[in-house]
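*Asks:* Fold the following for me, if possible:
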Amino acid sequence: MNESVKNELGKLLVNQEALLDVLAKSHSSLNDYPELQDYLARKNPNVVNYNRALREGQFTKQEFLDEIGERLNWLAYELQPHIDMDFLTERVASLVGGDLEKIKALTIEEIGADLLSKLVNLYGGALYSIQQSKPSYPFLATKGQVDHAFWKQSHLAYDAWIDATKAITS
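*Replies:* As a prediction, the model looks like this:
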C-alpha cells in the first residue's frame, strides 16, 4: 500500500460516519457481523424512507410485497428464454390439455413440488449465467466470425513474440 492509500484508509477508519456509509453500500457482505449488518440496514436512508412511508400509511407492507412480487414475475418472464422448460410444459399439458384457462387454477400439488423446485433452481442458474461477463477467447471464435477487438491488439502480441525471439537468440 502506498502512502496515499494508507492516508485514505486511515481517514475512513477515524471517521466513523464515513466508514458506516461505505459499509452500508454493501451491508450484505457483512454476514459475519449480524448486529452491524442490522444496524446498517436500519440506518440506510432508503430503509428510513420506507419505514416512514409505512408509518404514514402511504402503503402497507403487503402492498410493498405485492409490488416486489409483480417485479419478480416480470424478471422471471425475461429469464424464460434462457431456461429449458420442456419438462414443465409436458407436465402442464398432461394436466390441462389444450385448455389455457385451466392453467390458471393449477395448484402446487398438481404441478408437483419437485418440478417447481427444479424450475426455481433453473431460474437461479439463469440469473448467474446472464450476469457473468463472458471472457473472449478469439482462438475459439466461431468460424467466419471475426473478433475485431482481438485483431486490433494483435500487433502487441507479435511485437512481444519478436522481442522474445531476439532475447533467446542473442
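*Asks:* Summarise which helices and strands whatever helix or strand residue 95 lives in is packed against.
*Replies:* In the assignment (DSSP states H and E), residue 95 maps to helix 86-96. On a contact count with 3 or more CB pairs under 8 Å, 6 or more residues apart in numbering; DSSP states H and E, helix 86-96 meets helix 100-103, helix 108-111, helix 113-131. From N, CA and C alone the C-beta is placed, and that goes for glycine too.
*Asks:* chain center to the first one, what's the gap?
*Replies:* In this view, helix 100-103 has its centroid 32 Å away from the chain centroid, taken as CA atoms, centre = their mean, to the nearest Å.
*Asks:* quick one: the spatially most central residue of the chain from residue 160, how far?
*Replies:* Closest residue to the average C-alpha location of the chain: residue 131 at 5.4 Å, with CA atoms, centre = their mean. From residue 131 over to residue 160 the distance is 33 Å, taken as CB to CB, to the nearest Å.
*Asks:* Kindly report the same for residue 107.
*Replies:* Going from residue 107 to residue 160 by CB to CB gives 64 Å.
*Asks:* Which one of the two is surrounded by more residues?
*Replies:* Higher neighbour count among residue 107 and residue 160: residue 160, with 10 against 6, using other CB atoms under 10 Å.
*Asks:* If anything else comes up later, I'll come back, but that's it for now.
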